[in-house]
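Asks: any chance you can model this:
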Amino acid sequence: MNLIPQPDSEGQPRVSSGLLDVLIRAGLISALAVLCYQVFSPFLSLMAWSIILAITMYPLHQWLARRVGGKQWLASTILVIIGLLLIIIPTGLLMNSFADSVRHFIAAVENNTLAIPAPPERAERWPIIGKRVYDTWSKAHADLPGLVQSIQPKIGELAQKALAMVASIGGDLLLFLGSFIIAGIVLAYGESGSRSSRAIFHRVAGLARGEAFAKLCTSIIRAVALGVIGIAFIQAILIGLALLLTGVPGAGVLSIIALVLGVAQVPALIVTLPVIVYIWASGDYSNSAAIIDTIILLLAGMADNVLKPLMLGRGVDVPMPVILFGALGGMASRGILGMFVGATVLAVGYEIFMGWVATNPDSGPMVPQNEQIKPRDSGPIT
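Replies: Predicted coordinates:
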């Protein structure tokens with residue numbers, strides 16, 4: 001009697017054929033996904049920021065739509081016009097100031113007209129780097145052209161990067177403009193977009209978990225976009241406009257520094273207080289002008305104390321290093337627009353991951369780990 005099992009001559013080809021069919025389908029789907037990503041990747045940051053703006057402004061859009069008789073397109077148009085007047089135009093002025101500062105600095109270095117003040121004696125006593133900083137600073141003060149000549153390769157690379165940054169400023173401004181327009185279009189179809197996004201979450205994570213994920217993502221996006229990015233951006237614009245009004249050089253550069261500090265939750269007074277000292281020490285301002293400029297800069301530097309209760313009313317329970325790394329990484333890879341996208345996306349990813357870690361898959365719907373990130377009106381997803 002033969003006890004050795006014989007292979008199923010009919011079942012084996014059937015299994016192989018089924019496996020081959022699955023692999024072919026998976027390969028075709030993967031190839032299609034890669035091709036779609038390559039086509040869509042140039043617009044990835046633009047679309048991501050537009051969707052973030054739409055989700056953030058959706059409650060305001062619905063409130064405005066109710067005031068204009070439920071006309072979604074009219075409400076979207078009004079919001080876009082307001083955004084252009086209050087955000088895009090001041091941003092364009094500050095970016096132009098930043099570009100002028102970079103161009104003037106490069107021209108001053110090339111024409112040997114840049115004057116470096118003498119280093120203070122205490123700089124030499126700084127730990128570890130004091131001696132090197134003092135020697136380089138002294139050489140720059142005594143013979144700046146010679147120092148530039150000695151580090152010419154590095155200066156050339158930095159100049160190229162600076163010029164590329166200046167050239168990209170116009171593109172960033174166009175991206176800001178495009179993001180507001182696209183966000184307005186998305187808001188006009190907010191109800192259908194909300195249903196579609198919830199259907200995607202339900203399909204990916206199931207009905208109960210998908211609903212929890214949808215609410216969590218909406219809450220995090222609005223909390224970060226309003227409570228961190230929005231406040232920092234508005235305060236940076238106020239500081240930049242105040243610097244332009246007072247005639248302080250480098251308004252665009254200082255406003256970008258204020259923006260990064262605001263994202264990191266560092267008080268903007270670190271930027272405005274040295275400017276106030278410069279106004280009083282330079283001798284270029286009369287006493288009355290210096291007093292008025294000081295009041296304006298102090299109010300702009302402390303604007304976040306008023307904006308936070310108005311725009312959010314509570315803290316954002318996402319660790320600040322996550323938001324800061326997201327902002328800096330996004331800016332390094334995608335420019336100024338990437339700063340906002342990176343901070344928001346990384347915060348959402350962090351909260352989803354931590355919620356997944358803290359949840360037992362067999363315990364039912366996911367309960368968000370972060371209970372504090374709940375805006376007063378979460379509303380539907382756009």
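
Asks: who touches the strand or helix carrying Tyr58?
Replies: Secondary-structure assignment from DSSP states H and E places Tyr58 in helix 44-67. Applying Cβ atoms under 8 Å, 6 or more residues apart in numbering, the contact partners of helix 44-67 are 40, 71-72, 74-76, 78-79, 175, 178-180, 182-183, 186-187, 190, 193, 218, 221-222, 225-226, 230, 330, 334-335, 337-338, 340-341, 344-345, 377, 379-382. C-beta coordinates here come from the backbone N, C-alpha and C atoms, glycine included.

Asks: Arg198 versus Ile55, what's the distance?
Replies: Distance, Ile55 to Arg198, using Cβ to Cβ, to the nearest Å: 13 Å.

Asks: buried ones in the helix or strand hosting Leu243?
Replies: If you go by DSSP H and E, Leu243 is part of helix 231-246. Within helix 231-246, the residues scored as buried using 16 or more other Cβ atoms under 10 Å are 231-244, 246.

Asks: nearest to Ala31, of those?
Replies: Phe233 (39.7 Å; Cβ to Cβ).

Asks: list the residues that contact the residue nearest to that closest one when sequence neighbours are not counted.
Replies: Distance criterion Cβ to Cβ, 6 or more residues apart in numbering; nearest residue to Phe233, sequence neighbours excluded, is Leu259 at 6.4 Å. For Leu259, the contact set (Cβ under 8 Å, 6+ apart) comprises Ala232, Phe233, Ala236, Met339.

Asks: does the last one touch Ala327 like I think?
Replies: Yes: look at Met339 against Ala327 with Cβ atoms under 8 Å: they come within range, at 4.6 Å.

Asks: any residues in contact with both of those two?
Replies: Shared contacts of Met339 and Ala327, counting by Cβ under 8 Å, 6+ apart, come down to Val260, Val263.

Asks: send the alpha carbons of stretch 298-313 over as CSV?
Replies: Extracted C-alpha coordinates of stretch 298-313, given in CSV (Å, rounded to 0.1, in the frame of the first residue of the first chain):
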residue,chain,number,x,y,z
LEU,A,298,5.5,96.0,21.9
LEU,A,299,1.9,95.5,20.9
ALA,A,300,2.9,93.4,17.9
GLY,A,301,5.3,91.3,20.0
MET,A,302,2.6,90.6,22.6
ALA,A,303,-0.2,90.0,20.1
ASP,A,304,-0.2,86.2,20.7
ASN,A,305,-1.5,86.8,24.2
VAL,A,306,-4.7,88.1,22.6
LEU,A,307,-4.8,85.8,19.6
LYS,A,308,-4.6,82.5,21.5
PRO,A,309,-7.8,83.0,23.5
LEU,A,310,-9.6,84.3,20.4
MET,A,311,-8.5,81.6,17.9
LEU,A,312,-8.4,78.5,20.1
GLY,A,313,-9.2,79.1,23.7
